[in-house]
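Colleague: I'll drop the sequence and a predicted model, then ask my questions.
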Amino acid sequence: MKKKNGEKLHVWQPDMTLKGKNPSEIVMEEVACKPDSLTIIFKDFYSNRIKIVYDQECPLEYVVWSFRYGTEIGRSDLSRLDQDFSYLNSDESPYFFKVSNSSYIKSFDDNHIANKQLYPTVEHHLYLTGDDVFEVISNYEPKIIKYYG
């Protein structure tokens, strides 16, 4: 049964560095939250790494509107959402998601500084691994950098 709130997951493959068939074949290696950046490092089972970096100004006091972490087990609702794979560029590289009709973004509706009406391009980015769920609300796409660290 699909969720009734209308949220939909759209495959987002901004980079093909990581290898694997799906998000369960990557691990979230590190998250660094600093005053001028939010960085997430992912690693695949072949030791390829990417760094996802949010480092632009946004309307709130930080580089993103909001972020949150959870475990895959704690988010069993995600498997019940509609999924759109039309933007899958390669079936040899794991993918992330953008969430449309996001209830997380809707939670900002009453915010007079940052809301979807003031910033219609705001996006909900969803990063899944076999164990983790990391979500970011941002009005820009992050930098994706091949990482050798």
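Modeller: Yep, that arrived.
Colleague: Show me the strands in the protein, by range?
Modeller: For the chain, the strands defined by DSSP state E occupy 8-12, 26-34, 37-44, 49-54, 66-71, 82-84, 96-100, 123-128, 132-138, 143-147.
Colleague: quick one: strands adjacent to the worst-scoring helix or strand of the chain on mean pLDDT?
Modeller: The helix or strand of the chain with the lowest confidence, counting by mean pLDDT, DSSP states H and E, is strand 82-84 at a mean of 83. The pairing partners recorded for strand 82-84 under DSSP bridges are strand 8-12 (parallel).
Colleague: Show the low-confidence segments of this protein, by residue range.
Modeller: Along the chain, the model assigns pLDDT under 70 to residues 1-5, 73-74, 76-77, 79-80, 149.
Colleague: Enumerate every residue touching Trp65.
Modeller: Contacts for Trp65 were tallied using Cβ atoms under 8 Å, 6 or more residues apart in numbering; they are Cys58, Pro59, Phe108, Ala114, Val122, Ile137, Ser138, Asn139. All C-beta atoms are positioned from the backbone trio N, CA, C, and that covers glycine.
Colleague: Closest to Ile50 out of those residues?
Modeller: Set against Ile50, the nearest of these by Cβ to Cβ is Ser138 (16.9 Å).
Colleague: mind checking how far the nearest residue to that closest one once chain neighbours are set aside is from Ser100?
Modeller: For Ser138, ignoring the flanking residues on the chain, the nearest one in space by Cβ to Cβ, 6 or more residues apart in numbering is Val64 at 4.6 Å. As for Val64, its distance to Ser100 is 18 Å (criterion: Cβ to Cβ, to the nearest Å).
Colleague: Looking at those two now, which is surrounded by more residues?
Modeller: Val64 (20 against 15; other Cβ atoms under 10 Å).
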